[in-house]
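Colleague: need a structure here:
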Amino acid sequence: MEVNKKFFSVQVDGSTDAANVEEELFVVLYFNHHTEDGKVGVCSSLLSVRQPSSGDAAGLYESFERAMVRVDVGSWKDKLVGFGCDGASVNVAPNGLRGFLEDVSPWIVCFWWLAHRLELSLQDALKNTFLNNIDDLLLRLYYLYQNSPKKCRELEDVVVSLKEAYDQNNDSGKGIRPIRASGTRFVSHKVAALGRVIDKFGASLGHLISLTEDPTVKSVDKQKIKGYVTKWQDSKILFGCAFFYDVLKPCSILSKCLQDEELNIVDAIEAIIKTNKSVSQLKLSSLDDLPSVKKVKSCIQKAQGETTYLGAPLANYEQGITFITTHKDQITESVLSCLKSRIKIQHPDLLTDALILLATQGWGKSEDSLGDVALGNLCDRFRIPLEKAGLCIAVMQEEWRDMLEYARLYLNIVQEPNRVIWWKLFNASCSSKWSNVWD
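Modeller: Model (predicted):
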């Protein structure tokens, strides 16, 4: 494991082992420009797994100190610049592990994992909404097929028979069985399940109807399935699935972005801003303009007083549209409010300064002083670890300006990704001139 870097960050999380004993996992993160893919990145290594002497902040800090001693990280208090954790008070409270670390490394930047906060914020936003009703139906549908290979085969046959008449997205017939709408990744599981319902609604409902007429199905099970059918035929369920899919899809993309192994600060902030804009646009749009709702409505057919979607009969069509329309603004506002309150940018001034320096697409501005203030602010905050690492703060601004001029003259800073630009700068023949900026 490589931790002999001038600076590094640590992430901590708790788990239980096979004996149900609490263990703390410490992971070290450090910057790496010696890559073979032409992009700089952040590497992570398992630092240690320790059993804390107690579950409070003092016990966690003691475990952390023992981990540092064990791997012989010299002067770690002068090298530690970042600390990531979940939102447990034992970690993030001023008198928690964060407080202990700030006492020994006052410049440290502490973050509550954004992906974790996103999941919690959406659960808060959607609590006690109509999604609970859809969730219950999805879970029942999942368990109906989960342990029945025979039902799964029958459902596949239904999909194949409908394929020529309706737009079934999965040509191979795979991915037909309903999937569970819950799990550790709340958002992505919900979106996947809702998308499956929208695409396979006709086949799934048609198969459920056939089960109510199947003589091999027990009478008690038939009555349960008939109840499911009645609920699924209510149009507000279908349009609710489409609406919640549109609301949660941008959040799902953000969640996956925040859990990407190659995530960097520039991409994370841009993804958060983009998601807020997407959800805000949903609030301003009419129900008919939402992509999945529009797709569903385009597949609705009305003939001889009957309304169908992908061949499946629907009931209460107008009432379903009215119901979702009535609740649309309230739900989108709730999601947006939770995103803004729970996904607040921590250390906004610090991150703004970091973005000015790291987001290479913005370097094309003509000001020669671009980044001077941001660099000065960061040097002030991290002055002690920088000086103890042997860096000369006095010449950093001069080196920064020289590097910026080189990038503007010789690199495609507008079109190439920031990680590629930084890799080229680190590996430029003249990079030694900017050694204080690099380190």
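
Colleague: please, where are all the strands along this structure?
Modeller: 8-16, 22-32, 41-50, 80-85, 109-112, 300-303, 306-309, 312-314 (DSSP state E).

Colleague: next one, pLDDT for residue 183 please.
Modeller: pLDDT, residue 183: 53.

Colleague: ok, which of the strands of the chain comes nearest residue 122?
Modeller: Among these, strand 109-112 comes nearest to residue 122, with 15.5 Å by CB to CB. Any C-beta I mention is one placed from the backbone N, CA and C, and that applies to glycine too.

Colleague: make JSON lines out of the strands of the chain and add distance to residue 265, mean pLDDT and mean neighbour count.
Modeller: Shown next, in JSON lines, are the strands of the chain (distance: least, CB to CB, whole Å; pLDDT from 0 to 100; neighbours: other CB atoms under 10 Å):
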{"stretch": "strand 8-16", "distance to residue 265": "12", "mean pLDDT": "85", "mean neighbour count": "17"}
{"stretch": "strand 22-32", "distance to residue 265": "11", "mean pLDDT": "85", "mean neighbour count": "17"}
{"stretch": "strand 41-50", "distance to residue 265": "9", "mean pLDDT": "83", "mean neighbour count": "16"}
{"stretch": "strand 80-85", "distance to residue 265": "11", "mean pLDDT": "90", "mean neighbour count": "20"}
{"stretch": "strand 109-112", "distance to residue 265": "10", "mean pLDDT": "84", "mean neighbour count": "18"}
{"stretch": "strand 300-303", "distance to residue 265": "45", "mean pLDDT": "92", "mean neighbour count": "11"}
{"stretch": "strand 306-309", "distance to residue 265": "44", "mean pLDDT": "93", "mean neighbour count": "16"}
{"stretch": "strand 312-314", "distance to residue 265": "47", "mean pLDDT": "92", "mean neighbour count": "20"}
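
Colleague: in JSON lines, list these along with distance to residue 101.
Modeller: JSON lines is the format used below for the strands of the chain (distance: least, CB to CB, whole Å):
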{"stretch": "strand 8-16", "distance to residue 101": "8"}
{"stretch": "strand 22-32", "distance to residue 101": "12"}
{"stretch": "strand 41-50", "distance to residue 101": "14"}
{"stretch": "strand 80-85", "distance to residue 101": "5"}
{"stretch": "strand 109-112", "distance to residue 101": "7"}
{"stretch": "strand 300-303", "distance to residue 101": "58"}
{"stretch": "strand 306-309", "distance to residue 101": "55"}
{"stretch": "strand 312-314", "distance to residue 101": "57"}
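
Colleague: among those strands, which comes closest to residue 354?
Modeller: Using CB to CB, these put strand 109-112 closest to residue 354, at 9.4 Å.

Colleague: out of the strands of the chain, nearest to residue 249?
Modeller: Judging the strands of the chain by CB to CB, what sits closest to residue 249 is strand 306-309, at 19.9 Å.

Colleague: skipping adjacent residues, who's closest to residue 248 in space?
Modeller: Counting by CB to CB, 6 or more residues apart in numbering, residue 191 is the residue found nearest to residue 248 once chain neighbours are left out, at 5.1 Å.

Colleague: domain ranges for the chain?
Modeller: Following automatic domain parsing, one finds the domains of the chain at 8-112, 119-342, 348-438.

Colleague: compare these and say which comes out lowest on pLDDT.
Modeller: Across the domains of the chain, domain 119-342 gives the lowest mean pLDDT, at a mean of 81.

Colleague: what's the spacing between it and its chain's center?
Modeller: Chain-centre distance of domain 119-342: 20 Å, with CA atoms, centre = their mean, to the nearest Å.

Colleague: what of stretch 347-361?
Modeller: 21 Å.

Colleague: using CSV, list the CA coordinates for that stretch.
Modeller: The C-alpha trace of stretch 347-361 is given here as CSV (Å, rounded to 0.1, in the frame of the first residue of the first chain):
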residue,chain,number,x,y,z
HIS,A,347,-17.0,24.5,2.3
PRO,A,348,-18.4,26.5,-0.7
ASP,A,349,-15.7,29.1,-0.7
LEU,A,350,-13.0,26.5,-0.6
LEU,A,351,-14.5,24.4,-3.3
THR,A,352,-15.1,27.5,-5.5
ASP,A,353,-11.4,28.3,-5.2
ALA,A,354,-10.5,24.6,-6.1
LEU,A,355,-12.8,24.6,-9.1
ILE,A,356,-11.2,27.8,-10.5
LEU,A,357,-7.8,26.1,-10.4
LEU,A,358,-8.9,22.6,-11.5
ALA,A,359,-11.6,23.2,-14.1
THR,A,360,-9.3,23.7,-17.1
GLN,A,361,-12.1,24.5,-19.5
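
Colleague: tell me which residues of that stretch are tucked away?
Modeller: Buried residues in stretch 347-361, counting neighbours by 16 or more other CB atoms under 10 Å, are found at 351, 353, 354, 355, 356, 357, 358, 359, 360.

Colleague: contacting residues for the fourth one?
Modeller: If I follow you right, that is residue 355. 265, 266, 269 (CB atoms under 8 Å, 6 or more residues apart in numbering).

Colleague: leaving out sequence neighbours, find the closest residue to the second one.
Modeller: Just to be clear, that refers to residue 266. Excluding its sequence neighbours, the residue lying closest to residue 266 (CB to CB, 6+ apart) is residue 359, at 5.0 Å.

Colleague: tell me where the stretch 251-400 of the chain has helices.
Modeller: Ranges of helices in the stretch 251-400 of the chain, per DSSP state H, counting those that start in this stretch, are 265-284, 291-298, 317-342, 348-358, 372-381, 383-388, 396-410.

Colleague: got the buried residues for the shortest one?
Modeller: Along helix 383-388, the positions that meet the burial threshold by neighbour count (16+ other CB under 10 Å) are 385, 386.
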